[in-house]
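Enquirer: All I have is the shape, not the residue letters:
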């Protein structure tokens, strides 16, 4: 597939492979780049963009990417480019998405969409002017086979009417506290972590409107977070219109591994996704009892979902079908996450309309 | 063991068996009576009290209880009686406990202690005047072997510093809604169910002082609860002094069984008690997948704990040792449960001091 | 209940409690004695018999047993004695059972019935002459609630036609090798341990006739077993008439605890009893992963079954109902276990008729 | 990578991608072809071979394979071909591997290597004359991440000295009995299914020499197997030199799904791979209890392993490293599987040297 650059990509182009440029080659950027280079038959990774020369050299040498750019605006001018993958700091997302849209490109962008509602809305407006172009934000859990199975079971009526989601995002304790460096710009634990659970709750509960939010938290280990007003363990409750509820937990301090799991309670049953984050199918019986090891980070848990996510984005670009989640979903998740963070900082119940 | 009635029971009496009168012979009363009659070597069930003749007849015919009383005050005059087991409506607890204390008896009373803080304090005062008599409120989970094991592991430092308790009390859905009849006098879901989780949270977190409470809930199935201001699914968050948190869930509508479980998160690990409420050690592999059946009610789950509870009460009476939980613990659980119910009804954050 | 001693106990005596004498007060004997003294409402532990004075003193002081005997024949003459519990060396079982029968007593005897088929048959003959007296051999797993649930599910057709039992008896490794002392008289691992699995296989498969047996084993840890021709890990396969199969494993060297479990495969599903021998309902998540501790010995696993077993024996004595397993069941289990041991030692396929 | 056709491929060729021809496009052949076409960066699927025109048309249309051959000898003459993937009837394996070797090609071939020891040895001899060419037989479980993790833990001493493997291959019941059609040429359940468990046992126990074998089986459902001397449920025990033991179970009739699992017992612990063949990370709590769905066939269970297997084969071809399992391993697994089948049919203990 090849779009006339400038004239704008359009949904539903036929034939050929989607020509993708990857922007940002940090740890997650490299993972996306590897998937695009090797595991997405419908895509061709034609260009890489990073201000760091070593990173673009890596893309060239390891992945055989033919073109490298230090500047994002140059990448957007790469001949024949169809789409960009943005794995860049959140503060850049809105402007980069809009620039790509204006350059006629389809856009995949890592979550969160932005750190302000205004930025989210700016992106939505820009995208609305380009209905033929795909913009998809990477809420990766929606692409995880287990979460998808749960969603399908709910849709099929398997648990009656779902009314409660309890969901957690739990990172394994890093005693070095490496993440604390990013805490000032991450938006805090609720915006950085719980936003996934918020998106899941909306999805699994049928997109109810949020009404009231309470949040609290504690610093269990990382004392350096106190001056930032952030915590390493947070709890939030969201009331939705119609009576459904989400109860969220986020942690940076788990001992046993990365433990992200979600429970959906309905009137006729409940589903749990990811309880006991088994690393694989090995069970050990020894002096410690009977046990399994756990995944240690979100990529080990969700690597397959990242692949499915990219496959689906490319499929949408190729056949013109709408992405499984909309820009509005990303805006809503951001809006709610920001409200949760505000509820936490203010110590009040935040009302949304 | 035999106390001179009227002169007052005292802790630490030697010899003989504790002579017990059971008061209230509803479903739970009969279970306590059976334990006392057959499975508590240190106790002798000498009298039964109920206004319903069939119930005292049952105690006589099935358990061989020698004396029956329709009126509580008559039971208290039973010659040689050492202790009473009160399994009566909550509204009667305070007066009945005080009457027993004044009659010189040791008292075991089912939870909750009362439906008002004033009643709790009246009982505490009466008990303080009779330091030689045991008064123990039946927070049965503290006697469950698994909860005890968790408590010991925490005390031994097994999970570092505990800072978060997530706990649920979940009853299996009774489509007939039988429990709704009792809803008007039960105090509502938080006072009736979550009080157990509140007591567990205090116990497992080291008795921290509660500071702020948020609660919400929804009617998932039992529409008849709406006029009462009650719900069949409730969520509450309690902030404690020192930064620890309890996150509670109570449900009357679970499909799979009675599911009471508790997670305690610490800085070096976490414990879960009761996740997947297995009925026994049988696993079934068939067209439904691999599964286990679940306990269907709290008695099936906690029958062993009820026995341990009675054994310990009798042991305390016999050797004069203090009960493993105090009247103040019962008062605190009640006070917090009432505050949770208030937070729910008022829609505000309730502050406690 | 009281029988005229000498005139012989008869099934179905009414009224009163069964007067029991316990014979053998080693570790298991004391456990049976405690159950009889405290937890079996229908029984009265009236006498204890042991050649070791400290043991009978324990029964007197701790359990309040009124009569002590050093000699078994004297115990049998205890006035009013209804039944004996034999927890004695296997080599004594046959003679002791027969003596009790001839003295008119009901008999409960720990497994195995004997170490030779001839002894089993002698007992069967003696019992046949006293049809009014109960003789029950303690195959305790038949009284375990989980095994019973499995049996009922099978009987109800839950797994179609059962055709394969895979069952193991696994003791936790005792590095001291204490059990090796008893190896010369225990009959070896198959007679000592697998006999339980053999009895289960017969029960769960509907009492099929054994046809061919293969067995093998290895010494993994306890080298002292080699001179005895015994092993610390053994495997056996039994073909039954009609095509069903039992595959057994016994181990003395498990690291994680006592692991006894059984799988029953049928044409429409399979049941597993006891896989992952959880100690209780606590799950631990820490640096070792997610785990549970395990029961450490068979009594921790089967303590409830030992109680049920005694309750049922007493019930049979009281109301004259037949025991849930017959002497012939015990003979068959012994006969097959001896054949397994022979198959192992001889290295041949043993055929049974 | 490109080898001079005819001159013979050699290990360790540098540069380029391995040019592969796939032979056999049945269900598994198509899966291998899809992996080679899309998911193996180091490979290029350049040719497909099948006598069925629809199958080669599928490869051309769906995978873009440029060259199609009806005859195997023609495929071998495809210009520049480096390697063949043989997913053909077992009876053809030996001759096809030898022909490929003589044509200078590397060979990947599905298990089993052959249905006779003589054929295995013929292949070994042919391969020995071509030491520069890779021949790898697809014992796919050796490439499964969980089995690999277990192997590494064993190698690292995690369970002490391993001495017992209990392993099963269990297919879900297909009431249509489709597989029965292939039973006459599959070699029977032990050669078709247990060969995997045999290979695993050798691998996980450190390649011990087999000494004695016992096997039995039963027809639980598929009566049509009786005339063939085959069974739908089989059990085998293998004694190895040095005292280690393998206990195998194979079934064609499981109700709950495809259940392949393996337990390795050592002197300091045990590992289980694949117990409870969870389909994904979803747990369902409803009227059936708490359960998970199961994988329904071996490909759903091992799809990742099939990919790893092909990646490793291509890596070996590319860098000249030896394959992780040798032709001798394949011969040994076949030799033992044939002996198991003989033990079953003859009803005797088969001795191997």
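Expert: That came through, no problem. No experiment lies behind these values; they were computed from the predicted model shown.

Enquirer: Helix, strand, or coil at residue A:41?
Expert: Using DSSP: H, G, I helix; E, B strand; the rest coil, the structure places residue A:41 in coil.

Enquirer: Distance of residue A:110 relative to residue A:31?
Expert: 11 Å (CB to CB, to the nearest Å). Using the backbone N, CA and C atoms, a C-beta is placed for each residue, glycine as well.

Enquirer: And residue A:147, which helix or strand is it part of?
Expert: Element membership for residue A:147 (DSSP states H and E) is helix A:145-155.

Enquirer: And residue A:110 and residue A:31? Which one has more around it.
Expert: residue A:110 (20 against 17; other CB atoms under 10 Å in any protein chain shown).

Enquirer: check contacts around that one.
Expert: Residue A:110 sits next to A:28, A:86-88, A:93, A:137-138 when contact means CB atoms under 8 Å, 6 or more residues apart in numbering or on different chains.

Enquirer: what is it paired to in the beta sheet?
Expert: residue A:138 (DSSP bridges).

Enquirer: Identify the residue nearest the residue of the stretch 1-150 of chain A found nearest chain B in space, chain neighbours excluded?
Expert: Residue of the stretch 1-150 of chain A nearest chain B, by CB to the nearest CB: residue A:149 (12.3 Å). Spatial nearest neighbour of residue A:149, chain neighbours left out: residue D:282 (5.1 Å); criterion: CB to CB, 6 or more residues apart in numbering or on different chains.

Enquirer: The helix or strand hosting residue A:200 close to chain D?
Expert: Assigned by DSSP H and E, residue A:200 falls within helix A:195-205. No: using CB under 8 Å from any CB of the partner chain, helix A:195-205 stays clear of chain D, with a minimum separation of 12.1 Å.

Enquirer: residues in contact with whichever helix or strand comes after that helix?
Expert: Next along the chain after helix A:195-205, taking DSSP H and E as the criterion, comes strand A:210-218. By CB under 8 Å, 6+ apart, the residues outside strand A:210-218 that reach it are A:189-190, A:231-241, A:336, A:339-341, A:343-344, A:349-352, B:163-164, B:212, B:214, B:216, B:237, B:239, B:243-245, B:347, B:349.

Enquirer: Of those residues, keep whichever come out buried.
Expert: A:189-190, A:231-240, A:336, A:339-341, A:343-344, A:349-350, A:352, B:163-164, B:212, B:214, B:216, B:237, B:239, B:243-245, B:349 (16 or more other CB atoms under 10 Å in any protein chain shown).

Enquirer: ok so, going back, mind checking which of the contacts of strand A:210-218 are in strands?
Expert: Using DSSP state E, A:233-240, A:350-351, B:163-164, B:212, B:214, B:216, B:237, B:239, B:245 are the members of the contacts of strand A:210-218 that sit in strands.

Enquirer: quick one, helices of the stretch 1-150 of chain A?
Expert: All helices of the stretch 1-150 of chain A, identified by DSSP state H, counting those that start in this stretch, fall at A:27-34, A:53-63, A:72-76, A:90-102, A:117-128, A:145-155.

Enquirer: Quick check: which ranges of the stretch 101-250 of chain A have low pLDDT?
Expert: Regions of the stretch 101-250 of chain A meeting the criterion pLDDT under 70 are absent.

Enquirer: 90 instead?
Expert: For the stretch 101-250 of chain A, the stretches with pLDDT under 90 are A:175-187.

Enquirer: Many thanks, I have nothing further to ask.
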